[in-house]
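> coords please:
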Amino acid sequence: MAEVAISLAVSVAAPRVVADLGTGSGAIGLSLATELPLAGTTVWITDVSDDALAVARANLAGIGRAARNVLVGAGSWFEALPADTLVLPSHGLPFRGIPLRVAQLRAHHEARLDELDD
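Numbering: from 1, shown residues only. From the prediction side, this is the model:
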């Protein structure tokens with residue numbers, strides 16, 4: 001999964017902001033941070049679980065200079081992200097592997113919630 005995320009993120013021109021939603025241990029997000037150019041890259045790692053974020057932060061401490069490009073957000077999926085953040089949906093999200101902006105995902109999510117309310 002990290003290889004797919006990296007290859008998609010590399011195709012985005014800098015400045016690039018990418019996110020690993022539901023990061024868990026941070027493996028994908030921290031791989032992005034170490035493999036993408038330091039200049040022009042910001043990586044968000046988010047999770048709703050404080051325990052997962054504690055593990056991700058511990059792993060973040062071990063990646064050296066690339067850690068300066070990583071932001072940690074607490075929240076469910078894209079709640080902790082700015083609307084213009086590029087997201088590479090993966091496990092369990094619609095549009096798996098297709099880069100989307102958070103605003104697009106929010107719009108899709110809100111439309112799905114509206115359908116459930118009907």
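> Look up phi and psi at Trp44.
Recorded main-chain torsions at Trp44 are phi -100, psi 140, according to degrees, to the nearest 10.
> What distance do you get for it to Asn59?
Distance, Trp44 to Asn59, using CB to CB, to the nearest Å: 15 Å. For the C-beta atoms, the positions are set from N, CA and C on the backbone; glycine is no exception.
> What segments of the chain are strands?
For the chain, strands defined by DSSP state E occupy the ranges 16-21, 41-47, 70-74, 86-87, 100-101.
> List the contacts of the nearest residue in space to Arg65 that is not next to it in sequence.
Setting aside the residues directly before and after it, Arg65 is nearest to Leu38 in space (CB to CB, 6 or more residues apart in numbering), at 6.5 Å. Leu38 makes contact with 65-66, 68-69, according to CB atoms under 8 Å, 6 or more residues apart in numbering.
> so how far is Ile45 from Leu38?
Distance from Leu38 to Ile45, counting by CB to CB: 16 Å.
> which residues does the residue nearest to Ala27 when sequence neighbours are not counted contact?
Residue nearest to Ala27 in three dimensions, not counting chain neighbours: Ala2, with 6.5 Å by CB to CB, 6+ apart. Counting by CB under 8 Å, 6+ apart, Ala2 touches 27-28, 31-32.
> And for Pro37?
Counted by CB under 8 Å, 6+ apart, Pro37 has contacts Ala14.
> now do the one 10 residues further on
When the contact criterion is CB under 8 Å, 6+ apart, the partners of Asp47 are 22-24, 53, 56, 74.
> same deal with Gly24?
47, 52, 55-56.
> which one of those has the most neighbours?
Asp47 (26 neighbours; other CB atoms under 10 Å).
> tell me, how many neighbours does the closest residue to Leu36 other than its chain neighbours end up with?
Spatial nearest neighbour of Leu36, excluding adjacent residues (CB to CB, 6+ apart): Ala9 at 5.8 Å. As a burial measure, Ala9 scores 20 neighbours (other CB under 10 Å).
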